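Q: this is the structure alone, sequence omitted:
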């Protein structure tokens, strides 16, 4: 399994108790959806290694986990490592909801300017994420917020937007 075939679930953040348990930070919108999770891939030196565990509790985005068949020392050595799950375990989204990785490569159609380019990536800033759109050699950054996104068309692989007034003009002026 490669990272390209997976999504980032979270991170093992610190030890918990004296029985080799750890705290996992679940970087997801609905952590409670993962209450029955019993395995994940742990990134170790660039490789994804499968581990089995039992989740004892989930509070907010933090879960207490006990790994199976490893020592307390081995469990502690996993602190600081990222957790991944296969992409096919992601729930399917509908309507205007989407996963960031899902829309890379989609065409962006603005209400005023028409086709403004292809989404190259999503840049995740603390204030708000941005679509990084490439139109020929010009980069256009558009906020990924509900008022901007009007329609996600998965069949046509395009997103229809209404960009903030004047924003696209800033990028397209010569």
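A: Sure thing, it's come through. Please read all numbers here as calculations on a predicted model, not as lab measurements.
Q: ok, and for the lengthiest strand in the chain, which residues are buried?
A: Secondary structure assigned by DSSP state E gives strand 47-59 as the longest strand of the chain. Under the neighbour-count criterion of 16 or more other Cβ atoms under 10 Å, strand 47-59 has 48, 51, 53, 55, 58 buried. Placement of C-beta: from N, CA and C, glycine included.
Q: closest one of the residues you listed to residue 120?
A: Using Cβ to Cβ, residue 48 is the member of these that lies nearest residue 120, at 25.1 Å.
Q: which SS class is residue 170?
A: Following DSSP: H, G, I helix; E, B strand; the rest coil, residue 170 is assigned to helix.
Q: mean confidence for stretch 58-71?
A: Averaging pLDDT along stretch 58-71 gives 92.
Q: gap between the two ends of it?
A: Stretch 58-71 has its terminal residues 22 Å apart, counting by Cα to Cα, to the nearest Å.
Q: circling back to that earlier point, return the member of the buried residues of strand 47-59 nearest to residue 36.
A: The closest of the buried residues of strand 47-59 to residue 36 turns out to be residue 55 (Cβ to Cβ; 7.9 Å).
Q: go ahead and confirm that closest one touches residue 34.
A: Yes - contact status for residue 55 versus residue 34: in contact at 7.5 Å, counting by Cβ atoms under 8 Å.
Q: quick check: neighbours shared by the two?
A: Both residue 55 and residue 34 are in contact with residue 63, where contact means Cβ atoms under 8 Å, 6 or more residues apart in numbering.
Q: packing partners of the longest strand of the chain?
A: strand 39-44, strand 62-67 (3 or more Cβ pairs under 8 Å, 6 or more residues apart in numbering; DSSP states H and E).
Q: of these, which is nearest residue 4?
A: strand 39-44 (12.5 Å).
Q: nearest to residue 158 among the buried residues of strand 47-59?
A: Lowest distance from residue 158 to the buried residues of strand 47-59 (Cβ to Cβ) belongs to residue 48, with 32.0 Å.
Q: give the bridge partners for the closest one, please.
A: Beta-bridge pairing of residue 48 under DSSP bridges involves residue 43.
Q: what do you get for the one 4 residues further on?
A: Counting by DSSP bridges, residue 52 forms beta bridges with residue 39.
Q: residue contacts, residue 44?
A: 78, 81.
Q: look up how far residue 81 lies from it.
A: Separation of residue 44 from residue 81 (Cβ to Cβ, to the nearest Å): 6 Å.
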